[in-house]
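S.K.: I'd like to go over a predicted model; first the sequence, then the structure.
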Amino acid sequence: MITKAKNNQTGARRMSRTLLTLLLLTLVMLGGCSTKLKFDGEPTEPLFIGERIIDPGVQPLSAASDPWEGLNRRIYNFNSHVDRWVLLPAVRGYRFIFPSPIRTGIRNIFSTFQDVVTFANQLLQFRPVRASQTTLRVATNLTFGLLGTIDAATALEIPKHQEDFGQTLGVWGVGQGPYLVLPVAGPSNLRDAVGLIPDWLLRSYLWDQLLSDDDGYTAERNAIRVTLEVLDGRDRVAFRYFETGSPYEYELVRLLISTKRELDVEK
Amino acid sequence: MMHRRLALIVAVVWLVPSVHAAEHAPAYGYPVPEPFTATVVGVPVPELRAKTSKVRLKTGYLKKTVDREIPDVLWYNARIAFLYRLQRKPAPLVFVIAGTGGAHNTAHNQTLMRALYDAGMHVVGLPSPTHTRFITAAGSTGVPGNLTIDAKDLYVVMKKVREKLNADKKITAFYLTGYSLGGSNAAYVARLDKDEGAFGFSRVLMINPPLSLYNSVSRLDRMIQSVPGGIDNFPQFFRGLVDQVSAAYQKSDQVAFDETLFFNVFKANPPGPDKLAGLVGAAFRISASNLITASDIVTNYGFALPANATATRTSSLTPFLQVTTRTGFTDFYHEMYFPFYQREQPSLTRGEMAELQSLKAIQGFLGEADYIGVVHNRDDIILEPGEIDFFPATFGDRAIIYPTGGHLGNLPYWENIQNVVKFFTGGWQ
């Protein structure tokens, strides 16, 4: 018991150190975050100007609130480097080491844990029907799905929901708040970023229950778990930074994410 | 409902001809009769798609081929990417050029490359000269759409790719193909190569090229009027797509924000043709906006960004997205392209310059070059009525005109791919 507490403590300390480093890195990058164009002399007028060619009543294409755009763009660019030099090479290694069936198994286990998080949020959102579907899902996958490695529930057409604490806050009436690009984790908003914390605590608690033992290896196991979770998470997404062929990639990603989160809450 | 109707159409169109197949010449079996639906859904039945191997195509990079400094806001466009795969043994090498706004790795590029690789050829996939990365790192003027200049820029890139591959010893011949605008690019590159001779292309195939660039882009521009509620409603229309777009984006291996992304949304459940025209228009509007903005930044022309402004990597481009999704290819032509190139050729009128960007301008060459072929569709939505007749008239039996398929909808259809492969392996005769 004592070892476990100590392990958790070192784990938490390590985590906060990582967060602190990321925060410092972000602050270092803060320099020169102006979103304004630089002018050579008095600004001239381009051929096409929004005020002249678009009726004031027309809803703009990209309406998300983004007061921290300069910083967000910096972090977005920073993330593209992390992706290119760290995450993607790691995912390539991951795909090389583990054959596809094993990767699917790993994915299904994480997916089952996510289902538990979804379940907790469905309770908080007072959605008993969906919560019971999720319960059935988890039970099916833990039994017939051999401890979550096989997604038997999907084969049996038990609906899969995806709820997180950000959505729960949304259901309770909290707006998205400003758009926020998180270091490494990517596009989000203030509400959802805050929502990550309780979800993360719950998942960590569940994993601790599963992985802890008196032998003192909990922190190491958790490190492996988190690494696999990150690798699997990146492997799930086809997105590649700056491969969209659009100078408006930042705007279009912002539009896609914020509209999607809006609809996620409405669903 | 729509899905069921489509399934029925598929069943009827596909099964009925097979009954008569024994008595008549085999009918064309591509299953979607309506051109807008074809353009969006492609080949709806997986069994009817060409079977190709899953061979891994590799990505190569070139340093920029132009002198300009890469603008800070486009810092990520400093290299030119290409896709390739070489055979172990000596074989011909085929260059495949993507269509309007397309990257080196578009779905169509990959389909063509895999089929040609399976048939024993080395393959190289190139971006369109209208892709933002090409405009930034390889476009000599920064204003794409001039077929002669785009061909020169492509030619430089192709020579660099060849250098980089360093495999001349096992290349027995050079071939060239391209779809949509890439088809026109291929024809102009072939003509340039006739004078320059760096490759000596012995087979060149155009797939669904526009005849006149101006006519085709103004058709695409007009389609946006089919967006319900008109152009003012485009933002809402686009936002309405977003949920489905993000779902499609997550499910597929789709990386680029091009028309394929928007088409994927409606593949399973297409709405009626009138609504689809709006979708096709909207998808190309995004392409146009990308192209215009990259060109505007690179040249400091002052189209949507003020001419004396510099955007940095943290600059907000949001206001220019609003403006450039509002304008279209035709505004780009009249307000930027024409004045830009008129500086060099002041005697040309708007009409004359538009006519130059057309296969008609090199009709004599195309008619004589017996190594150039074309495949096209009678109902291609990028052609004005009657324009299709140019192709059989110019190419004779070097043209295959399919009755249906819209714009590239039938490209992955097995018979189309078989004919592409046949063109490069033994010819159609």
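M.R.: Noted; the coordinates are in hand.
S.K.: quick one: pLDDT of B:G426?
M.R.: pLDDT recorded at B:G426 is 86.
S.K.: how close does it get to B:H108?
M.R.: When CB to CB, to the nearest Å is applied, the distance between B:G426 and B:H108 equals 23 Å. (Glycine included, C-beta is placed from N, CA and C.)
S.K.: of those two, which one has the most company?
M.R.: Counting neighbours by other CB atoms under 10 Å in any protein chain shown for B:G426 and for B:H108 shows that B:H108 has the greater number, 23 against 8.
S.K.: my guess is the more buried one meets B:Y179, correct?
M.R.: Yes. Shown here, B:H108 and B:Y179 form a contact pair, counting by CB atoms under 8 Å, at 5.4 Å.
S.K.: give the residues shared as contacts by these two.
M.R.: Any residue near both B:H108 and B:Y179 by CB atoms under 8 Å, 6 or more residues apart in numbering or on different chains counts here, and that gives B:A98, B:G99, B:L408, B:L411.
S.K.: for the first one, grab the count of nearby residues.
M.R.: What that stands for is B:A98. Burial of B:A98, expressed as a neighbour count using other CB under 10 Å, amounts to 30.
S.K.: the one 4 residues further on now?
M.R.: Around B:G102 there are 30 other residues, counting by other CB under 10 Å.
S.K.: surely it forms part of a strand?
M.R.: No. Looking at B:G102 with DSSP: H, G, I helix; E, B strand; the rest coil, it is coil, so not inside a strand.
S.K.: which residue is the nearest non-sequential neighbour of it?
M.R.: With CB to CB, 6 or more residues apart in numbering or on different chains as the criterion, B:G102 has its nearest non-adjacent residue at 4.6 Å, and that residue is B:S128.
S.K.: next, that neighbour: phi, psi?
M.R.: Here the main-chain torsion angles of B:S128 (degrees, to the nearest 10) amount to phi -80, psi 150.
S.K.: show me what contacts it?
M.R.: Contact criterion CB under 8 Å, 6+ apart gives B:I97, B:A98, B:G99, B:T100, B:G101, B:G102, B:A103, B:F134, B:L181, B:G182, B:N185 as the residues in contact with B:S128.
S.K.: now B:S212
M.R.: Counting by CB under 8 Å, 6+ apart, the residues that B:S212 touches are B:A354, B:E355, B:Q357, B:S358, B:L359, B:K360, B:E384, B:E387.
S.K.: what bridges to it?
M.R.: In this entry, B:S212 is beta-bridged to B:S358, by DSSP bridges.
S.K.: distance of it from B:I382?
M.R.: Shown here: B:S212 relative to B:I382, a distance of 10 Å by CB to CB.
S.K.: likewise for B:A103?
M.R.: The separation that B:A103 has from B:I382, given CB to CB, amounts to 20 Å.
S.K.: between the two, which has more neighbouring residues?
M.R.: B:I382 (29 against 24).
S.K.: how is the more buried one assigned, secondary-structure-wise?
M.R.: Here B:I382 is recorded as coil under three-state DSSP.
S.K.: I'd assumed B:S180 was in contact with it.
M.R.: Yes. B:I382 sits in contact with B:S180 when judged by CB under 8 Å, with a separation of 7.4 Å.
S.K.: overlap in contacts of these two?
M.R.: B:N208, B:P210, B:H407.
S.K.: which one of the residues you listed has the most neighbours?
M.R.: Using other CB under 10 Å as the neighbour test, the shared contacts of B:I382 and B:S180 are led by B:N208, with 28 neighbours.
S.K.: hang on, the earlier thing: just flag the most distant two among the contacts of B:S128.
M.R.: Taking CB to CB, the two most distant members of those are B:A103 and B:N185; they sit 14.4 Å apart.
S.K.: low-confidence ranges, the chain, go.
M.R.: Reading this off chain A. Low-confidence regions of chain A, defined here as pLDDT under 70, cover residues A:1-16, A:20, A:22-32, A:62-63, A:216.
S.K.: looking at chain B here, not the other one
M.R.: Within chain B, the segments meeting pLDDT under 70 span B:1-26, B:243-258, B:262, B:268-269, B:429.
S.K.: tell me which residue is most central in it.
M.R.: Within chain B, one residue has its C-alpha closest to the average C-alpha position: by CA atoms, centre = their mean, that is B:G99, at 1.2 Å.
S.K.: wait, doesn't A:Y250 sit right on B:L317?
M.R.: Yes. Under the contact definition of CB under 8 Å, A:Y250 touches B:L317, with a separation of 7.4 Å.
S.K.: which among the contacts of B:S128 gets closest to A:T104?
M.R.: Closest approach between the contacts of B:S128 and A:T104, by CB to CB: B:A103, at 29.3 Å.
S.K.: so which strand or helix has B:M206?
M.R.: strand B:203-207 (DSSP states H and E).
S.K.: what residues of the helix or strand following that strand count as buried?
M.R.: Stepping forward along the backbone from strand B:203-207, the first helix or strand reached (DSSP H and E) is helix B:213-223. Counting neighbours by 16 or more other CB atoms under 10 Å in any protein chain shown, one finds that the buried residues in helix B:213-223 are B:L213, B:Y214, B:N215, B:S216, B:V217, B:S218, B:R219, B:L220, B:D221, B:M223.
S.K.: with stretch B:379-397 instead?
M.R.: B:D379, B:D380, B:I381, B:I382, B:L383, B:E387, B:I388, B:F390, B:F391, B:T394, B:F395.
S.K.: same question for stretch A:135-144.
M.R.: Of the residues in stretch A:135-144, those with enough neighbours to count as buried (16+ other CB under 10 Å) are A:R137, A:V138, A:T140, A:N141, A:L142.
S.K.: quick one: contacts of stretch B:131-142?
M.R.: The contact list for stretch B:131-142 (CB under 8 Å, 6+ apart) reads A:245-247, B:62, B:64-66, B:68, B:70-71, B:74, B:77-81, B:98, B:101-103, B:127-129, B:144, B:149-150, B:152-153, B:156-157, B:290-291, B:293-295, B:298-299, B:340.
S.K.: likewise stretch B:340-349?
M.R.: Taking contacts as CB under 8 Å, 6+ apart, the residues outside stretch B:340-349 that touch it are B:T141, B:V143, B:N146, B:T299, B:Y301, B:M353, B:L356.
S.K.: any idea which helix or strand carries the closest residue to the third one other than its chain neighbours?
M.R.: Which is B:N146. Nearest residue to B:N146 in three dimensions, chain neighbours excluded: B:Y341, at 6.2 Å (CB to CB, 6+ apart). Secondary structure assigned from DSSP H and E places B:Y341 in helix B:338-342.
S.K.: how about the CA coordinates for the following helix or strand past that helix, as CSV?
M.R.: Per DSSP H and E, helix B:338-342 leads on to helix B:350-356 as the next helix or strand towards the C-terminus. C-alpha atoms of helix B:350-356 as CSV (Å, rounded to 0.1, in the frame of the first residue of the first chain):
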residue,chain,number,x,y,z
ARG,B,350,-8.9,39.0,-72.6
GLY,B,351,-10.5,36.6,-75.0
GLU,B,352,-7.4,35.9,-76.9
MET,B,353,-5.4,35.2,-73.8
ALA,B,354,-8.2,32.8,-72.5
GLU,B,355,-8.1,31.0,-75.8
LEU,B,356,-4.4,30.4,-75.5
